[in-house]
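>>> Everything below, folded, please.
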Amino acid sequence: MSELPCPEPPARCRGRFTISTLLGVEEAGRPPCEAAGCEGTHLSGSTLCTRTFGYNTVDVVPAYEHYANSKGVGEARRGRPSLADLRSILKVRPIPTSPGCALHRGSGPGRAPAPEPVRFGWVKGVMVSIRCMLNIWGVILYLRLPWITAQAGIALTWLIILMSVTVTTITGLSISAISTNGKVKSGGTYFLISRSLGPELGGSIGLIFAFANAVAVAMHTVGFAETVRDLLQEHDSLMVDPTNDIRIIGVVTATVLLGISLAGMEWEAKAQVLFFLVILVSFANYLVGTVIPATAEKQAKGFFGYRADIFAQNLVPSWRGPEGSFFSLFSIFFPSATGILAGANISGDLKDPAVAIPKGTLMAIFWTTMSYLVLSATIGACVVRDASGSLNDSVPVGSLGCEGLACSFGWNFTDCAQRQSCPYGLSNHYQVMSMVSGFGPLITAGIFGATLSSALACLVSAPKVFQCLCKDQLYPLIGFFGKGYGKNNEPIRGYVLTYVIAVGFILIAELNAIAPIISNFFLCSYALINFSCFHASVTNSPGWRPSFRYYSKWAALFGAAISVVIMFLLTWWAALIALGIVVFLLGYVLYKKPDVNWGSSIQASSYNMALSYSVGLSEVDEHIKNYRPQCLVLTGPPNFRPALVDFVGTFTKNLSLMICGNVLIVSGAGLCPGCELTSDGHTRWLLKRKIKAFYTNVLAEDLRSGVQMLMQAAGLGKMRPNILALGYKRDWQVAAPQSVEDYVGILHDAFDFKYGVCLLRMKEGLNVSRVEPRDLSPRRGHSGMPPPGWGWVRVSLGLLGDRPTQPGMDPGELAAEQQASTIFQSQQGKKTIDIYWLFDDGGLTLLIPYLLGRKKRWGKCKIRVFVGGQINRMDEERKAIVSLLSKFRLGFHEVHVLPDINQKPRPEHIKRFDDLVVPFRLNDGFKDEAAVSEMRHGCPWKISDEELHKHRAKVVPVRAGEKKLQIGAGGGHALAEAALSRSTLPMGRKGGCPSSLYMAWLESLSRDLRPPVVLTRGNQENVLTFYCQ
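Reported below is the predicted structural model:
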């Protein structure tokens, strides 16, 4: 540990860990400085806290605040000393302190504390008052469950209930697991799905789930309006007509609920408590009414108390009307089970969501399921399906002409039953629970409580979910609705939007038409919640550690699958529309690629797949047909050489590996403090330029050793570079001779490591960096010098003309840097790509132009191949090359033979070549080898007369360059119209050809050419084949 020579710490720091150091500020209930025992000093920006382990140390004990608001891997945490703090020379500086640790609390004198938001526990927040139970006990319970029992029979009604509960229970287990895997914030279902599966699926499902909740407000409000309409109808007090009365009452009710919501969560919670008590009283009233002997008026309406024969008749289905099918009834009932997410949707208003959501949700599912089953069985055992409601239909038991079960109880409902015009009975009267109960108005009050509480819960849930979605800015034009107001950050604009949507659907005024609309949206949400749990489990991410253990990944997968199946069984066209909306929203987010990182299971899955495929690839032997040019590109900082990046990125995109390598040349014993930050910035720059490449850097004392490290260590398994791509060293004649020696040595090292070489030269050069250095390091002191302990760092290829710089540029600054445009980003039109296939290198010289020609920007270019030959065998040699190219299936048909390639060069070209090498000659007068070695001691780049004479015969590169110049000057091939010129890179013997002589050859071969020139040399192994195996 890093020891501190400082005074004896205060008594409160002595001993071992204390509870206050392990708890956060919220849990400990006191200021963080008091809990941690901090002294009034600072060390490198973090508080210097003395801990007594027998000595003083900068190290701190584990604490909550060190992990709160954690960011990406490797980034510094709040309050914890960095590695630099622990390892560097200690510098302690006093800071002023104030009572109550105001410095740490961020409060100043006279500043009022922020008001505490209202928070709910698991009972009030999730299970009872404003959440799941009240949302589940909605309009369907009172107004449609008896009717569904009459249609489907008790047995199939129980099946409908249990099917719905199966889906909701599995979803409840999944959401419990997700909600206990970390701290849950506001946003509910959207927050859980988006942080688990990522913004793509999370954003789409969040939008449709918020919409479904807004429509659910309309459904529950219409149920309330139906009840009020029926009461008015009983007293002949309709305002307009039955349909318009529902609309009027519904709009007024929605407006009142909006007012309650705008009053704040505390008032809304109080209203829900009242609704809950009313519902409990109405349930008790109904159960008491079933055991009270039926009066004659109730018998006329079909209620006869508990009868075994009534239960037996109602046990089987009796389908009637257009909704008379199993899945039609299921679609009407299922929204009543969707309230399980009401608690999760206000996760931001819960004291402890990780405890409240699992406990409250599962308890709510259990008790509401029991209530549904009991109500279905009891109502089905007491009430017949058809009744006239007329006291005149009473007849003696056993009367002739009387048909139906009611005849055995002394009532003849035959006439209206046959004409299916009975106004009462289980199949016809939606208010049958009110008729059965001991005191009808209490059931009406229960209906009011259930419908209004559910509508209120949905009216709160939809804006809360939508607000979180708006703040994440995944979709345009919705950020306006994300603004929060008050201590609870209430989304008032979201409330108004939800109100407008609800009113639009209230105008439909038909409950059976509204309910199926939202079924598919809720099922889609449930499917994704279950899939989120399954996907997070199978990725085996170390970050998936839910404290709720009672879930199964296979049950979650089953829940996801059954939700999708039920969607199509209910209404296949509505399911297609719902899925189409999800896919559209998903595609939009994929296209926009929002800059968010939530550590989703999709990221974990991507890592698993990449790891699995990389390991699997290592087990497969390489084959020529699967050869891909995988490039290590010596770009230095990629933004310094955009043309080189664009050129290699063009033929490797979506095809093969590209790694941008950067050698940081370090002088001194220190390392590079800002390299990681700069690395992230270069990666972002590549992403912004849409280059699919990796970026890596190494620290080395010189360029050549750094490149050797890169060539040996870059890549993974079979995904390793096999081509070294770099720029041409234009300043080789004026640069330090050792830098030229290192440059040519890098080419030899590449061939030693079995790499191919691709060398790009452009007339205007490659390096676009500024000449004057800028202070890019945030770690510099006021003097502008780097901190002690590490030396100046020059960016990769600094020996090739780059400016010295300090790493540490902010990643955002690098990513926002203006992108330089290059010739490789533009359309090439109908130009040519000229290939000078001078030597057989295995086919790499041909393969890269072919890959370029497959790209849209280069697709119209005509590829011409030039080869050397003898003037008296031009036709034969051309046919041989054409035949060979046709077997390679490259589509190269234009072949030119250069017959004069072996002729003597012109005197002016020889003089130009001699002028290039004059500054590097020893002028030794053909002395013996020992004398030459002594003269060249320390100057290996010097050219002896013997070496120049020996290599003068190897004039092929110079002659090829001469021929190109002739063509460009006015020959028939019009080289000036070429988009790119490629040639085989000549080889110089290692140790036998001085670097200056080799560079003179390359200069003669490539200078004065207008299009970019690429010199390519494979590793002499085949990369093309015409065999099929």
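
>>> hey, where'd the helices end up in the stretch 201-350 of the chain?
Using DSSP state H, counting those that start in this stretch, the helices assigned to the stretch 201-350 of the chain run over residues 242-262, 265-291, 296-300, 308-315, 326-333, 342-345.

>>> Show me what the helix or strand that the shortest one is followed by packs onto, helices and strands only.
Tracing the chain past helix 342-345, the next element assigned as helix or strand by DSSP states H and E is helix 353-380. The criterion is 3 or more C-beta pairs under 8 Å, 6 or more residues apart in numbering; DSSP states H and E, and the helices and strands that helix 353-380 contacts are helix 122, helix 132-136, helix 139-143, helix 145-179, helix 265-291, helix 308-315, helix 342-345, helix 432-436. C-betas here are computed from N, CA, C, even on glycine.

>>> looking at those helices, which is buried most?
helix 342-345 (a mean of 32; mean count of other C-beta atoms under 10 Å).

>>> can you give me the mean pLDDT across that one?
Computed over helix 342-345, the mean pLDDT rounds to 68.

>>> So which of the helices of the stretch 201-350 of the chain is nearest Lys359?
Lys359 sits nearest to helix 342-345 of all those, at 9.7 Å, using C-beta to C-beta.

>>> Now render the helices of the stretch 201-350 of the chain as a markdown table, adding distance to Thr1016.
Putting those into a markdown table (distance: least, C-beta to C-beta, whole Å) gives the following:
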| stretch | distance to Thr1016 |
| --- | --- |
| helix 242-262 | 70 |
| helix 265-291 | 69 |
| helix 296-300 | 96 |
| helix 308-315 | 83 |
| helix 326-333 | 66 |
| helix 342-345 | 60 |
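
>>> ranges for the strands of the stretch 651-800 of the chain?
Using DSSP state E, counting those that start in this stretch, the strands of the stretch 651-800 of the chain run over 658-666, 694-700, 723-727, 756-761, 793-794.

>>> Met435 is nearest to which of those?
Comparing those by C-beta to C-beta, strand 694-700 comes nearest, at 73.7 Å.

>>> what's near enough to touch the closest residue to Ile863 other than its chain neighbours?
Take Ile863 and drop its neighbours on the chain: the residue closest to it by C-beta to C-beta, 6 or more residues apart in numbering is Ile833, 4.7 Å away. Residues in contact with Ile833 (C-beta atoms under 8 Å, 6 or more residues apart in numbering) are 849, 852-853, 858, 861-864, 978-982.

>>> distance between the helix or strand Ile833 falls within and the chain's centre?
Secondary structure assigned from DSSP H and E places Ile833 in strand 832-836. Its chain's average C-alpha position is 43 Å from that of strand 832-836, according to C-alpha atoms, centre = their mean, to the nearest Å.

>>> Just the C-alphas of it, formatted as CSV.
What follows is strand 832-836 as a C-alpha-only set of coordinates in CSV (Å, rounded to 0.1, in the frame of the first residue of the first chain):
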residue,chain,number,x,y,z
THR,A,832,-8.7,3.0,-65.2
ILE,A,833,-6.9,1.0,-62.6
ASP,A,834,-3.5,0.1,-64.1
ILE,A,835,-1.7,-2.9,-62.8
TYR,A,836,2.0,-3.4,-63.6
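
>>> Direction included, what does it pair against?
Counting by DSSP bridges, the strands paired with strand 832-836 are strand 862-868 (parallel), strand 978-984 (parallel).

>>> Would you mind identifying the next helix or strand past it?
Next element after strand 832-836 (DSSP H and E): helix 844-853.

>>> Flag the shaky bits of the stretch 601-750 of the chain, pLDDT-wise.
Low-confidence regions of the stretch 601-750 of the chain, defined here as pLDDT under 70, cover residues 668-677.

>>> how much does the helix or strand hosting Ser612 deviate in direction from helix 145-179?
With elements taken from DSSP H and E, the one containing Ser612 is helix 601-618. On the basis of axes from the mean of the first three to the mean of the last three C-alpha atoms, to 10 degrees, helix 601-618 is oriented at 60 degrees to helix 145-179.

>>> quick one on the thing from earlier: nearest to Tyr607, out of the helices and strands packed on helix 353-380?
Closest among those, using C-beta to C-beta: helix 145-179, at 19.7 Å.

>>> Next, the angle from whichever helix or strand comes after the closest one to helix 353-380.
Moving toward the C-terminus from helix 145-179, the next helix or strand (DSSP H and E) is helix 188-197. Helix 188-197 runs at 120 degrees relative to helix 353-380, counting by the same axes, to 10 degrees.

>>> Next, the contact list for the most centrally placed residue in the chain, please.
By C-alpha atoms, centre = their mean, the mean C-alpha position of the chain lies nearest to Gly198, the distance being 4.1 Å. The contact partners of Gly198, by C-beta under 8 Å, 6+ apart, come to 598, 600-603.

>>> do Ile249 as well
Contacts of Ile249 by C-beta under 8 Å, 6+ apart are 224-225, 228-229.

>>> filter those to the buried ones?
Buried members of these, counted by 16 or more other C-beta atoms under 10 Å: 224-225, 228-229.

>>> Can you tell me which of those residues is nearest Gly380?
Set against Gly380, the nearest of the buried ones among the contacts of Ile249 by C-beta to C-beta is Phe224 (25.1 Å).

>>> The closest one: what's it in contact with?
For Phe224, counting by C-beta under 8 Å, 6+ apart, the contacting residues are 139, 249-250, 253, 447-448, 451-452, 455.

>>> on that earlier part again, is it possible to export the strands of the stretch 651-800 of the chain to CSV including distance to Thr171?
Output for the strands of the stretch 651-800 of the chain, formatted as CSV (distance: least, C-beta to C-beta, whole Å):
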stretch, distance to Thr171
strand 658-666, 44
strand 694-700, 40
strand 723-727, 52
strand 756-761, 55
strand 793-794, 55
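
>>> Among the ones you listed, which comes closest to Asp472?
strand 694-700 (27.8 Å).

>>> in the stretch 751-900 of the chain, which segments are predicted with low confidence?
Using pLDDT under 70, the stretch 751-900 of the chain drops low at 770-818.

>>> switch the cut-off to 50
771-808 (pLDDT under 50).

>>> Over to the stretch 151-300 of the chain?
In the stretch 151-300 of the chain, no residues with pLDDT under 50.

>>> Which SSE is immediately downstream of the helix holding Ser612?
Criterion used, DSSP H and E; the element after helix 601-618 is strand 631-634.

>>> Paired strands for that following strand, with orientation please.
By DSSP bridges, strand 631-634 pairs with strand 658-666 (parallel), strand 723-727 (parallel).

>>> Turn the ones you listed into TSV, including distance to Ala300.
Below are the strands paired with strand 631-634 laid out as TSV (distance: least, C-beta to C-beta, whole Å):
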stretch	distance to Ala300
strand 658-666	85
strand 723-727	93
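
>>> Any chance of a markdown table for those strands, columns mean neighbour count?
Output for these, formatted as a markdown table (neighbours: other C-beta atoms under 10 Å):
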| stretch | mean neighbour count |
| --- | --- |
| strand 658-666 | 25 |
| strand 723-727 | 26 |
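
>>> give the contact list for the closest residue to Ile691 other than its chain neighbours.
Nearest non-adjacent residue to Ile691, counting by C-beta to C-beta, 6+ apart: Gly649, 4.3 Å away. Counting by C-beta under 8 Å, 6+ apart, Gly649 touches 658, 691-693.

>>> how much space between Gly649 and Leu851?
Distance of Gly649 to Leu851, given as C-beta to C-beta, to the nearest Å: 12 Å.

>>> same thing with Met133?
Relative to Leu851, and taking C-beta to C-beta, Met133 is found at 64 Å.

>>> and what of Gln420?
75 Å.

>>> Of the two, which one has the most company?
Between Gln420 and Leu851, counting by other C-beta atoms under 10 Å, Leu851 is the more crowded of the two (17 against 11).

>>> so that one sits right up against Phe651, yeah?
Yes. Counting by C-beta atoms under 8 Å, Leu851 touches Phe651, with 4.0 Å between them.

>>> Common neighbours of these two, please.
With C-beta under 8 Å, 6+ apart as the test, Leu851 and Phe651 both reach Pro629.

>>> if we can go back for a sec, against which helices or strands is the helix holding Ser612 packed?
helix 188-197, helix 511-538.

>>> Buried deepest among these, which one?
helix 188-197 (a mean of 27).
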